[in-house]
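Enquirer: The following comprises the amino acid sequence and a computationally predicted model.
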Amino acid sequence: MDLEQLKECVKSGRHIRKDAQVRLPREDEVKIYIYIDLIKYGVIYEAGYWLDSDFAKAFKSLSIETKAELAEIDGNLVLPAALLTELYQLDYPAWTNSGNAMIKEMVLASAIVDNRLDLIDKDDYWALYRYFVNTRLELTSLSDFSNPLFVKFMLDKLITEKRVIFTWIVQNLISMIRASSLRPAEHEKFFVELFKESQYVQGERADLFLEAVEKHPRLFCLLIKDRLSIDPFSKQTNYSQWLRDSEKFLYLGKLRTIKGVDTTAGVADFDRRLMLYKDMNRCPRGLGRFS
């Protein structure tokens, strides 16, 4: 089969065996995240078995670049998985500077899975960001992420991408605060937005805000401006929302004890509301650990 015939096979789905039980990761508009999952979950080692035998023979004889051309039109992701197999099993770092966008993203995905930070261009903020959100950083590598311009870029993307901020991402942020690579005083907006968007403030996320306020006590004055539904009417009409917001409110009460938090007018008002809340909700169900 020539290239055009191969393309027609891909477009019609005839490149996949009829009896193939294709197992693929979640869909994602950011392709590199798909490539990472293809490697992490071992899908790349199965892709070759899903291909039609005649197509597989022709595909094998092609150059890496031509394989990428076919993979780009495969909405089933079988060819991207097959191409990843070849790149990952070969010397993929040799393709770091490839002119093909798909190959470059596959190399980046491979480097992220293998923790090969040495392959990441430190001036490529998108590549650094992809590494940051998919890897638990070693303390020795924090300096590679300390450029103030990158820090701002990364925090902006964490908010605007609306993605799940996984545990290891929060741990990375905590490590950066402790290493003074991330200064909460310079990024108040990020912490305010993250607190506002957090339905729950528990575990590592609670530790993150604790670290941030300890480094920058004024941040507390901004966090308490979050509009929380903790009034008696909300308790009666939307108990689940009231319960979530009550936990956030009582968590703020814990942050209030941090040394350096000044008693401004806003903080004094918070103190009054906290006292009133506790008087009205003596050991409410589900909130005992905070009261």
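Expert: Yep, that arrived.
Enquirer: Buried by neighbour count: which residues of the strand or helix carrying M176 qualify?
Expert: Remark: M176 resides in helix 167-178, with elements defined by DSSP states H and E. Within helix 167-178, the residues that qualify as buried by neighbour count (16 or more other CB atoms under 10 Å) are I169, V170, N172, L173, I174, S175, M176, I177. Where C-beta positions appear, they are placed from N, C-alpha and C, glycine not excepted.
Enquirer: Which strands or helices does that helix pack on?
Expert: Secondary-structure packing of helix 167-178 (3 or more CB pairs under 8 Å, 6 or more residues apart in numbering; DSSP states H and E): helix 125-134, helix 203-215.
Enquirer: I'd like the buried residues of helix 167-178 as CSV, with distance to A212 appended.
Expert: Output for the buried residues of helix 167-178, formatted as CSV (distance: CB to CB, whole Å):
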residue, distance to A212
I169, 15
V170, 11
N172, 14
L173, 9
I174, 9
S175, 13
M176, 11
I177, 6
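Enquirer: Put together JSON lines for those, with pLDDT and distance to K254 on each row.
Expert: Compiled in JSON lines, the buried residues of helix 167-178 are given as follows (pLDDT from 0 to 100; distance: CB to CB, whole Å):
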{"residue": "I169", "pLDDT": "97", "distance to K254": "23"}
{"residue": "V170", "pLDDT": "97", "distance to K254": "18"}
{"residue": "N172", "pLDDT": "97", "distance to K254": "23"}
{"residue": "L173", "pLDDT": "98", "distance to K254": "19"}
{"residue": "I174", "pLDDT": "98", "distance to K254": "17"}
{"residue": "S175", "pLDDT": "97", "distance to K254": "22"}
{"residue": "M176", "pLDDT": "97", "distance to K254": "23"}
{"residue": "I177", "pLDDT": "98", "distance to K254": "18"}
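Enquirer: Tell me which two of those sit farthest apart.
Expert: Greatest spatial distance among the buried residues of helix 167-178 (CB to CB): I169 and I177, at 13.1 Å.
Enquirer: for this structure, what spans make up the strands?
Expert: For the chain, none of the segments meets the definition of strands by DSSP state E.
Enquirer: Tell me, please, the helix or strand in it that averages the lowest pLDDT.
Expert: Across the helices and strands of the chain, mean pLDDT, DSSP states H and E gives its lowest value to helix 47-50, namely a mean of 86.
Enquirer: What residues of it count as buried?
Expert: Applying a neighbour-count criterion of 16+ other CB under 10 Å, one finds A47, W50 buried in helix 47-50.
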